[in-house]
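Undergrad: What shape does this take:
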Amino acid sequence: MSIDILYEPSSQDLVFLETDEVDIIGEDTQSDDADTICADTQGSEFEFTDFTLPSQSIPPMSQLELPSLAHRMQFLSDEIDKNDTHVTTVTKTIGELRFKDEEEDSFFTQELPYYACKYCGIHDPGCVVMCNICKKWFCNGRGNTSGSHIINHLVRANHKEVTFHKDGPLGETVLECYSCGVKNVFVLGFVTAKGDSVLVLLCRQPCSTQNTLKDLNWDQEQWKPLIADRCFLTWLVKVPNTTDQFRSRNISATQITKLEELWRHNNEATINDLDKPGIDEEQQIVLLRYKDGFHYKNVFGSLVKLVADNDKHLKESRTQENITVRWDVGLNKKFVAFFHLVKTDGDMRLMYDDELRLRLTGENPWEGIGHVIKIPDNYGEGIGLEMKSNKGVPTEITSNYKVDYIWKSTSFDRMQCSLNRFATDESSVSTYIYHKLLGHEFDDLIFRSHMPKHFSAPNLPDLNRSQVKAVKHAVQRPLSLIQGPPGTGKTVTSATIVYQLVTINGGPVLVCAPSNIAVDQLTEKIHRTGLKVVRLCSKSRESIDSPVSFLALHNQVQKLPSNGVLQKLQQLKNETGELSMDDEKRYSVLKKVAEQELLEAADVICTTCVGAGDPRLMQFKFHSILIDESVQATEPECMVPVVHGVQQLILVGDHCQLGPVVTCKKAANAGLTQSLFERLVVLGIRPFRLEVQYRMHPELSRFSSNFFYEGSLQNGVCADDRKLRKIEFPWPVADEPMLFYATLGHEEIAGSGTSYLNRTEAANVEHIATRFLRCGVRPDQIGIITPYEGQRAYLVQYMQYQAPLPAKLYQKIEIASVDAFQGREKDFIIMSCVRSNENQGIGFLNDPRRLNVALTRAKYGLLIVGNPKVLSKKQLWNHLLNYYKAKNVLVEGPLNNLKPSPIQLPKPKQLKSTINPGSYFMTTQMYNAHEALIPGCAYYHSNQGNVPISHGTPQYFPRPDPAVKMGLDFNTCNGNPSTFIMPRFRSELQIGGIPIGTMMNINPMAPTRFFNQQSVKNRQNIHTNHLPMTSGRLNTKANQKNQKSNEIRALRLTSTSQDVSQPMSQSMSQPGFSLSQPGLSEPDLSQDSFIMNEFHSQMDGLLSQDSTYEGGRTVTLF
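TA: Sure thing, here's the model as predicted:
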């Protein structure tokens, strides 16, 4: 064959093979064709001349003798056949080779047995366990998770029963209690017979503590759980060997979470389904700023829907069976069912006004719906369910009922409605509030109004200096944040603000809070001032008693003297239980008219945040709205009252304490746990802090003040005010009523699988509580708190059945979770920390806000029980433990002979911020708080000139394009909050992510360490003379005069005291200590001084710690 034919355009393509393939093929193929195609052209048998064209010129194509088309086609066909033969030979050769990792690959490709672990594929019969609920198998290996795969599944799926494999060490065995038959593996443990090698499985309570076990020669003290370190004990189920684990599927904790989510909707899903499109859709996250109302609505609307779907699934999957019911008749003639439900300490809590369905199946099926009117306490008789209808209620039957949770969408619908209204209705909020909530730049406003001579409200305690300034600040501005640290009189301050708003602007004022308890407390305080208050609650809560029931709308309607017909119809309905159709219509119309009259005549309307979406308030517009405990509400929840035409919004709360509870993890991770209060702080709106606490013994407040509030909290009570004379408790240090009781017990998983308990700590807590009772402390003066619901439930049972004193005494001791105790106080607090392990960490016990709440509940004494070795691994707890150790109150041993613990603690690390050390632990979840610290934040721009004064109420007007107003490029943000910053300021982001100086009345130099507070105070007095001028402040002669005056006052601050009494609470003071100024009497420091103009308020700025904020606002109000 001529070379011309081989290199014509229609000839075969060159094939380039890898070197390894050439070696393999060269040995086994002998054909010349193969050598031609696969030749090693770099070999010695080839010479350069073999690939050189002839030297003579090639003749023209017209002179060449070209083969015919048929000849060329035949040639190509022969070549293709040869190539096919060659490829077949190569494939066969490669297939016969055995590679090293073929065995490992076959682990996944071969058909696994039915009992293989659904996570990793391990199928050793001695290592796998079957879940009795879903019939899936899981191994006892950890893989990449903190616990074994079987425990991970049981916890995530809320399953609790298992069976071993028939070929395992114990055969096909179902784990259950020997005494009562319970199969919940999280409460099962084993005890051994004394002197025998026999063991028996028993549940933790009550079987393992029964006295009958002593007669059976069982060693009760040696009861141990079947699960340790989140794995089954190895003598029950083996841990897979290293080889099996190396060969198993590598699955991450994130994949496990997604797989469990899939199984909720499709029980046959596999891990391969995780790769399908649409499975891993990213959720929109909460941003710092929003383009407009529609952008805001789209982000939060999707999160609200996510929470609603999760809540619906959670409730509808909680059916309980075999319920015994006791029937009764209420005062309104309706049937009430009382029953017990199996206690769960998972994500769901039963609340007043929840709806449940009772069902009977069988020959005479029946079902009825009712709402919860009674929630069981620790020792109560159970749940009270008032039926909506008495028709056909089978009161003669008391057993075999089923209970279903009914999901109600009311609260979620109201949130979605408020978001839609915010986006579409320009009258929903004022323009100023609209842009501030979206995070846009907008000039600050001050309302010009007549300020009262005295800011205190009738029948409420007189205000201290910081409270007066907070009230004044709130009534003058359209948007205010007020931070109320523990015990600083936040409720009194809020009630006073409402009173002044009504006095200055008239009513009605809308007052809200996320919980009914908080609303009731504030309602009671406001009522004391003499204002006309209406407490609006949902209709299903009208039968629930509360301290302010007489102010409830439905009760006020019944007592209207001018509506005799309505009263008669109401009386008839109470007596008979129902009215005729005509009377019912007449009753509804008359009641609606009466409700509207009362609401329109009210000075203040109080309701929950979600309750503000009640149809009875739909037509109301509120000039002023105050939201108490706003940090505990989600942002969509706060928006429900806000969209009622608000022009003046006051948010009260404390972002250093616990925030809202979001049960949906996806929504929580997307930022829904960030409250509106916190986001506004990050945007640069500084909260005004109340600074004098009246709750705690001064020594109890010191750590929280220095660590969480930059040392700014002053004490309104002295040590003598917080000392009970006749109580002889063995405090390690007589004048410091606090201690950390070192306990080395082990944590255990609670019955739900999602919580923890510690039996050793529970026993020590009981010993301490008993000692207090024997010292003369009343049970209602003691509070026991713990972060974990499992420990709370165990403590209740332990004190009821195993404490030495009468059970009724312990029933009066309140035992609650730390979260439930927020906003509460007791004379003595005992805290059980629970966590004690080697590898699992301390969970949300490491949340600084939760620790802050726990440390600030006690008035007279605080006792913490925990494992210092485990807790000290976390920096925050390490600081606390070192603080206690330095004070010789970290102790161990019997209560009668407490001694300092010899434990060696790690040295506390230097805090990253010397200006605001508490903020190191207060970083927000979604945002790096840089932006509140740089030029471009809200308060930075407000310092560049005078604040415009509003001479009347702000009008609604068309909103400008926010992108133009802000100068933002929304196309470059990509939903990333850290990049959602004005482009011209991005280059200035060179500082750390610590929110420095985020309080209006912040100390210019907070203590660097709480151990040397006094020396720092002395340095403060010196540095006060050298404070730099605030950016934008006019350096006028008047300002120079003010600065000189302040320097003189600052020099007098050398004589200080830690405590401030109530009569002097309005004096000018530095954070952390009080003034003792000779020549100044109380009248000189009275509230009369606050009717002066804003300029004179700035003179006092340095002493009230707000000069860095108000110093840049040289505004004249006269």
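
Undergrad: Settle this for me: Cys664 is touching Leu306, isn't it.
TA: Yes: using C-beta atoms under 8 Å, Cys664 makes contact with Leu306 at a distance of 5.7 Å. For every residue, glycine as well, the C-beta is placed using N, CA and C.

Undergrad: thought Tyr296 was touching His435?
TA: No: using C-beta under 8 Å, Tyr296 is not in contact with His435; the gap is 11.4 Å.

Undergrad: With neighbour numbers in mind, choose between these two.
TA: The neighbour comparison of Tyr296 against His435 (other C-beta atoms under 10 Å) goes to Tyr296, with 23 against 20.

Undergrad: domains in the protein, as residue ranges please.
TA: 3-95, 107-175+230-280, 182-225, 325-398, 731-902, 1003-1118 (automatic domain parsing).

Undergrad: among those domains, which gets the worst mean confidence?
TA: Here the lowest mean pLDDT among the domains of the chain goes to domain 1003-1118, at a mean of 36.

Undergrad: show me the contacts for Val565.
TA: Residues counted as contacts of Val565 (C-beta atoms under 8 Å, 6 or more residues apart in numbering) are Arg586, Leu590.

Undergrad: That one is in what secondary structure piece?
TA: Taking DSSP states H and E as the definition, one finds Val565 inside helix 564-576.

Undergrad: Quick one: name whatever helix or strand follows that helix.
TA: Once the chain leaves helix 564-576, the next helix or strand it forms, by DSSP H and E, is helix 581-601.

Undergrad: Would you mark the buried spots in the helix or strand harbouring Val191?
TA: Per DSSP H and E, Val191 falls inside strand 188-192. Of all the residues in strand 188-192, those buried under the rule 16 or more other C-beta atoms under 10 Å are Leu188, Gly189, Phe190, Val191.

Undergrad: and those residues as a markdown table, adding distance to Glu637?
TA: Listed next are the buried residues of strand 188-192 as a markdown table, based on distance: C-beta to C-beta, whole Å:
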| residue | distance to Glu637 |
| --- | --- |
| Leu188 | 41 |
| Gly189 | 42 |
| Phe190 | 47 |
| Val191 | 49 |
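
Undergrad: of the residues you listed, closest to Lys160?
TA: Lys160 lies nearest to Leu188 out of these, by C-beta to C-beta, at 9.6 Å.

Undergrad: How about the contacts made by the closest one?
TA: Taking C-beta under 8 Å, 6+ apart as the test, what Leu188 contacts is Leu175, Glu176, Cys177, Val182, Leu201, Leu202, Cys203, Arg204, Pro225, Leu226.

Undergrad: try it again with 7 Å
TA: Leu175, Cys177, Leu201, Cys203, Leu226 (C-beta atoms under 7 Å, 6 or more residues apart in numbering).

Undergrad: neighbours around the fourth one, how many?
TA: Applying other C-beta under 10 Å, we find 23 residues neighbouring Cys203.

Undergrad: right, and it touches Lys183 too?
TA: No: Cys203 lies out of contact with Lys183 (C-beta atoms under 7 Å); the separation is 9.5 Å.

Undergrad: and the gap between Val589 and Leu569?
TA: 11 Å (C-beta to C-beta, to the nearest Å).

Undergrad: Same drill for those two, tell me which one is more crowded.
TA: Leu569 (19 against 11).

Undergrad: Quick check: chain neighbours aside, which residue is closest to the more buried one?
TA: Tyr587 (4.4 Å; C-beta to C-beta, 6 or more residues apart in numbering).

Undergrad: Number of residues surrounding Ser430?
TA: By other C-beta under 10 Å, 24 other residues sit near Ser430.

Undergrad: for it, phi and psi?
TA: phi -70, psi 160 (degrees, to the nearest 10).

Undergrad: Settle this for me: it is touching Leu649, isn't it.
TA: No: between Ser430 and Leu649 there is no contact under C-beta under 7 Å: 8.9 Å.

Undergrad: Quick check: neighbours shared by these two?
TA: Pro478.

Undergrad: could you say which helix or strand contains Phe703?
TA: helix 698-708.

Undergrad: For that helix, the averaged confidence score.
TA: On average, helix 698-708 scores 94.

Undergrad: So which of the contacts of Leu188 is surrounded by the most neighbours?
TA: If you count neighbours using other C-beta under 10 Å, the busiest of the contacts of Leu188 is Cys203, which has 23 neighbours.

Undergrad: what's the neighbour count on the closest residue to Arg616 other than its chain neighbours?
TA: Using C-beta to C-beta, 6+ apart and skipping residues adjacent in sequence, the residue nearest Arg616 is Glu595, 6.0 Å away. By other C-beta under 10 Å, 17 other residues sit near Glu595.

Undergrad: what does His159 give?
TA: Residues within reach of His159, counting by other C-beta under 10 Å, total 18.

Undergrad: Now do the same contact list for it.
TA: For His159, counting by C-beta under 7 Å, 6+ apart, the contacting residues are Cys131, Ile133, Cys134.

Undergrad: make it 10 Å
TA: Cys131, Asn132, Ile133, Cys134, Lys136, Ile150, His153, Asn184, Val185, Gly753 (C-beta atoms under 10 Å, 6 or more residues apart in numbering).

Undergrad: same check, this time on Ala734
TA: Lys723.

Undergrad: Torsion angles phi and psi at it?
TA: Ala734 adopts backbone torsions of phi -60, psi -40, taken as degrees, to the nearest 10.

Undergrad: do Arg541 as well
TA: When read as degrees, to the nearest 10, the backbone of Arg541 gives phi -100, psi 0.

Undergrad: The nearest residue to it once chain neighbours are set aside - how many residues pack around it?
TA: Nearest residue to Arg541 in three dimensions, chain neighbours excluded: Asp353, at 5.2 Å (C-beta to C-beta, 6+ apart). Applying other C-beta under 10 Å, we find 17 other residues in the vicinity of Asp353.

Undergrad: pretty sure Asp353 is touching Ile373, no?
TA: Yes: in this structure, Asp353 is within contact of Ile373 by C-beta atoms under 10 Å, at 8.7 Å.

Undergrad: Can you pull the residues that touch both of those two?
TA: Shared contacts of Asp353 and Ile373, defined by C-beta under 10 Å, 6+ apart, comprise Ser540, Arg541, Ile544.

Undergrad: Would you list the phi and psi of Met831?
TA: Dihedral angles of Met831 (phi, psi; degrees, to the nearest 10) stand at phi -110, psi 130.

Undergrad: Compute the distance between it and Phe688, please.
TA: Computed as C-beta to C-beta, the Met831 to Phe688 distance reads 30 Å.

Undergrad: Check Ala308 too.
TA: 35 Å.

Undergrad: Roughly how far does Ile497 sit from Tyr694?
TA: Separation of Ile497 from Tyr694 (C-beta to C-beta) stands at 18 Å.

Undergrad: Who has more neighbours out of these two?
TA: Of the pair Ile497 and Tyr694, Ile497 is the one with more neighbours under other C-beta under 10 Å, namely 29 against 18.

Undergrad: Fine, thanks again, bye for now.
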